[in-house]
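> Turn this into a model:
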Amino acid sequence: MGPAPAPRLGPGVRFTHDAARAADLLLLPEKVLVLNTTAAAVLALCDGSRGLDEITAALKDRYEHVNRQDVIDLLARLEQHRAVAHG
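Predicted coordinates for the structure are as follows:
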């Protein structure tokens, strides 16, 4: 299964910033993922209203080197954890 056309956070998943750790976190029902800056930027755009092309375009507006396949790969990995679902 590939990334959702309009990805959003999965059921029971929260995206938050932990000021004490100075880290962005993805809180899943049974685990916590500490996100790097790029993953956090992608997830901030995953609200169920944007498709993959819109997410990639928004990232290209912010960052110099954005590879669409990298975005696809990240979303696919997150989907395996049930962190991302269809919009």
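> quick one: low-confidence ranges for this protein?
By pLDDT under 70, the weakly predicted segments of the chain are 1-4, 87.
> Spell out, range by range, the strands that occur in it.
If DSSP state E is used as the criterion, the strands of the chain fall at 8-9, 14-18, 23-28, 31-35, 84-85.
> hey, which of the ones you listed is tucked in deepest?
Highest mean neighbour count among the strands of the chain (mean count of other Cβ atoms under 10 Å): strand 84-85, with a mean of 20. No exception for glycine: its C-beta is placed from N, CA and C like everyone else's.
> ok, which stretches of the chain are helices?
Ranges of helices in the chain, per DSSP state H, are 37-44, 52-62, 68-80.
> Out of these, the one nearest P5 is which?
P5 lies closest, by Cβ to Cβ, to one member of the helices of the chain: helix 52-62, at 6.6 Å.
> ok, and what's touching that closest one?
Residues outside helix 52-62 that contact it (Cβ atoms under 8 Å, 6 or more residues apart in numbering): 3, 5, 7, 41-42, 45-46, 50, 66, 68, 71-72, 75.
> re the thing from before, can the strands of the chain go into TSV with extra columns for distance to T56?
Converted to TSV, those look like this (distance: least, Cβ to Cβ, whole Å):
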stretch	distance to T56
strand 8-9	16
strand 14-18	19
strand 23-28	20
strand 31-35	18
strand 84-85	15
